[in-house]
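structure, please.
(one chain, ligands or ions: 1)
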Amino acid sequence: MASVAVPEEMLIPSAQAAAVGGTYPPPRSATSAANYRKLITHMDLLSSGCKAASWLESMRASSPTHLRSVSLLPGAQAESVESQWKTRFPSALSKFEEITAAAKGKKIAMFLDYDGTLSPIVEDPDSAFMSIPVYFLNAFLVFLCIFSPPSSVLPLFTDLLLLKMASVGFQMRAAVRSVAKYFPTAIVTGRCIDKVFGFVQLAELFYAGSHGMDIKGPVNHPKHKKAEAKSILFQPASEFLPMIDEVYNSLVEKTKLIPGSKVENNRFCVSVHFRCVEEKRWSGLAEQVRSVLADYPDLRLTQGRKVLEIRPTVEWDKGRALEFLLQELGFSDRNDILPVYIGDDRTDEDAFKVLRDRRQGIGILVSKFPKETNATYTLKDPSEARTLTFF
Ligand SMILES: O=P(O)(O)OC[C@H]1O[C@H](O[C@H]2O[C@H](CO)[C@@H](O)[C@H](O)[C@H]2O)[C@H](O)[C@@H](O)[C@@H]1O
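Numbers count the residues shown, from 1 in each chain. Prediction:
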């Protein structure tokens with residue numbers, strides 16, 4: 001197979017490029033971005049005129065499990081695209097010195113996506129813990145003590161393995177907690193705040209739930225009212241709450257016979273999960289979603305990782321939430337701040353784009369596989385995100 005020609009300017013190391021113009025991240029050449037985009041197929045979907053084949057392709061590619069499942073244009077060689085991608089979007093860990101140089105003299109604000117960034121992607125959305133639940137660990141240890149022969153080395157080995165896994169999870173919370181001690185930190189997620197707070201459990205953070213349509217401040221924020229666990233800072237779509245509930249109920253009803261499907265109420269938006277649905281049933285599930293939405297012209301459909309998301313048509317997304325939070329922090333018009341946003345999903349691209357357009361801040365995409373992105377750096381998985389925040 002012919003290898004893919006990469007234009008020279010795509011291969012400029014970001015450190016060199018950072019020196020140009022003094023802004024960070026460096027402006028990206030329009031030609032190079034366009035050329036790169038040609039290598040990875042476009043993934044926008046579900047606008048009313050979308051083609052079925054590209055939609056399925058797009059859903060498959062939203063959560064690739066190996067390099068070969070990345071959606072490439074015909075003729076593009078996966079390994080070649082991967083190595084070009086790694087050059088274009090280097091690892092944030094390998095460029096740590098470059099990042100600290102960019103942060104020198106600046107005040108950092110940290111923005112963290114949840115699923116796929118702070119917690120690994122798992123089949124059951126309700127089990128996307130940052131750590132193994134302690135009760136599970138305890139129960140397992142008791143089980144081992146009762147049922148394993150004391151002479152066996154297996155229990156010891158398993159205990160150690162479990163403790164290691166649990167400590168990885170605890171480290172993630174500890175990492176976020178320590179970041180928040182020094183820098184204002186926000187979780188920016190598609191989930192509703194209550195759910196994500198149940199996972200993260202750190203009251204000192206800002207939370208932008210429902211793709212930024214529900215923004216709350218930490219307990220020590222000046223707007224905090226004592227009676228609430230968190231103070232509401234902004235809810236641009238509150239009038240949609242009854243409609244979202246209605247749609248949630250219809251979707252639960254319409255999809256109940258599709259094995260593996262799951263509908264999640266994220267308060268200002270609804271997620272319909274495809275991850276555990278057999279691929280041959282994806283079109284049927286999407287059809288049910290479309291049929292419900294047909295009655296709600298004020299709602300729109302977007303796609304995440306093996307999930308369709310139903311949201312109000314308000315012009316609001318994670319990027320707008322990021323801008324709102326910068327404003328709230330008094331950072332909006334300052335040159336001496338460096339917002340850092342880490343995320344893994346297509347919805348995080350809105351925030352990466354805001355940073356790029358502002359020429360201020362660092363977007364870090366969490367992905368093992370080539371994806372078109374507005375981020376500047378990459379990390380392979382949540383454990384690398386933890387390592388970065390621990391530095
Ligand atoms: O903005 P995020 O924090 O990334 O939230 C986006 C969606 O994340 C969750 O779904 C994803 O993670 C699940 C658990 O790992 C996985 O099963 C699913 O396939 C992923 O799409 C969440 O459940 C959704 O409601 C969020 O919209």
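
helices of the stretch 201-350 of the chain, start to end?
With helices called from DSSP state H, counting those that start in this stretch, the stretch 201-350 of the chain shows them at 241-255, 282-293, 318-328, 349-358.

okay if I get these as JSON lines plus mean neighbour count?
For the C-beta atoms, the positions are set from N, CA and C on the backbone; glycine is no exception. Formatted as JSON lines, the helices of the stretch 201-350 of the chain follow (neighbours: other Cβ atoms under 10 Å):
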{"stretch": "helix 241-255", "mean neighbour count": "17"}
{"stretch": "helix 282-293", "mean neighbour count": "18"}
{"stretch": "helix 318-328", "mean neighbour count": "22"}
{"stretch": "helix 349-358", "mean neighbour count": "21"}
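
right, so of those helices, which gets closest to the ligand?
The ligand lies closest, by Cβ to the nearest ligand atom, to one member of these: helix 318-328, at 7.3 Å.

how far is the closest one from where the chain is centred?
Mean-position distance between helix 318-328 and its chain equals 16 Å (Cα atoms, centre = their mean, to the nearest Å).

just the C-alphas of that helix, formatted as CSV.
Backbone C-alpha positions of helix 318-328 (Å, rounded to 0.1, in the frame of the first residue of the first chain) are rendered in CSV as follows:
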residue,chain,number,x,y,z
LYS,A,318,-18.1,22.4,26.9
GLY,A,319,-16.2,25.3,25.2
ARG,A,320,-18.7,27.9,26.3
ALA,A,321,-18.6,26.4,29.8
LEU,A,322,-14.8,26.8,29.8
GLU,A,323,-15.1,30.4,28.8
PHE,A,324,-17.8,31.0,31.5
LEU,A,325,-15.6,29.5,34.2
LEU,A,326,-12.6,31.6,33.1
GLN,A,327,-14.8,34.6,33.4
GLU,A,328,-16.1,33.5,36.8
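
for it, name the packing helices and strands.
strand 107-112, strand 185-188, strand 206-209, strand 214-217, strand 231-234, strand 337-343, helix 349-358 (3 or more Cβ pairs under 8 Å, 6 or more residues apart in numbering; DSSP states H and E).

who does the helix or strand just after the longest one pair up with?
What it means is helix 349-358. Sequence-wise, the next helix or strand downstream of helix 349-358 (DSSP states H and E) is strand 362-366. According to DSSP bridges, strand 362-366 has the following sheet partners: strand 337-343 (parallel), strand 377-379 (parallel).

the ligand is nearest to which of the ones you listed?
Closest approach to the ligand among the strands paired with strand 362-366 is made by strand 337-343 (6.9 Å; Cβ to the nearest ligand atom).

quick one: the closest one to helix 349-358, angle?
150 degrees (axes from the mean of the first three to the mean of the last three Cα atoms, to 10 degrees).

next, the angle helix 318-328 makes with strand 337-343.
Using the same axes, to 10 degrees, the inter-axis angle of strand 337-343 relative to helix 318-328 is 150 degrees.

so for strand 337-343, mean pLDDT?
Mean pLDDT, strand 337-343: 96.

where in the protein is pLDDT low?
1-53, 67-76, 131-170, 220-230, 390-391 (pLDDT under 70).

mind doing that once more with 50?
Along the chain, the parts satisfying pLDDT under 50 run over 1-22, 31-32, 35-50, 133, 137, 226-227.

interface residues of it facing the ligand?
113-116, 121-123, 125, 128, 189-191, 264, 266, 271, 273, 275, 304-307, 309, 345, 347 (Cβ under 6 Å from any ligand atom).

separate out the buried members of those.
Burial by neighbour count, judged by 16 or more other Cβ atoms under 10 Å, picks out 113-116, 121, 125, 128, 189-191, 264, 266, 271, 273, 275, 304-307, 309, 345, 347 from those.

number of nearby residues for residue 368?
17 (other Cβ atoms under 10 Å).

same check, this time on residue 331
17.

excluding chain neighbours, what is closest to it?
Spatial nearest neighbour of residue 331, chain neighbours left out: residue 337 (4.5 Å); criterion: Cβ to Cβ, 6 or more residues apart in numbering.

give the contact list for residue 238.
When contacts are counted by Cβ atoms under 8 Å, 6 or more residues apart in numbering, residue 238 is found next to residue 268.

ok, the residue nearest to residue 331 touching residue 106?
Yes - contact criterion Cβ atoms under 8 Å: residue 337 and residue 106 qualify, at 5.8 Å.

who has more neighbours, the two?
residue 337 (19 against 16).

can I assume residue 351 is in contact with residue 325?
No - the criterion here is Cβ under 8 Å, and residue 351 misses it with residue 325 at 10.2 Å.

list residues touching both of those two?
Listed as contacting both residue 351 and residue 325 by Cβ under 8 Å, 6+ apart are residue 111.

domain parsing for the chain?
Split into domains by automatic domain parsing, the chain comes to 8-88, 96-236+316-390, 239-312.

what about the last one, start to end distance?
This means domain 239-312. Domain 239-312 stretches 10 Å from its first residue to its last (Cα to Cα, to the nearest Å).

give me the residue from the stretch 151-300 of the chain nearest the ligand.
Counting by Cβ to the nearest ligand atom, the stretch 151-300 of the chain gets nearest the ligand through residue 190, at 2.8 Å.

who's in contact with stretch 243-256?
261, 263, 265, 267-270, 272, 285, 288-289, 291-293, 296, 298-299, 310, 312.

if we can go back for a sec, can you put the strands paired with strand 362-366 in CSV and add distance to residue 279?
Formatted as CSV, the strands paired with strand 362-366 follow (distance: least, Cβ to Cβ, whole Å):
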stretch, distance to residue 279
strand 337-343, 26
strand 377-379, 27
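
so which of the ones you listed gets nearest residue 361?
strand 337-343 (3.7 Å; Cβ to Cβ).
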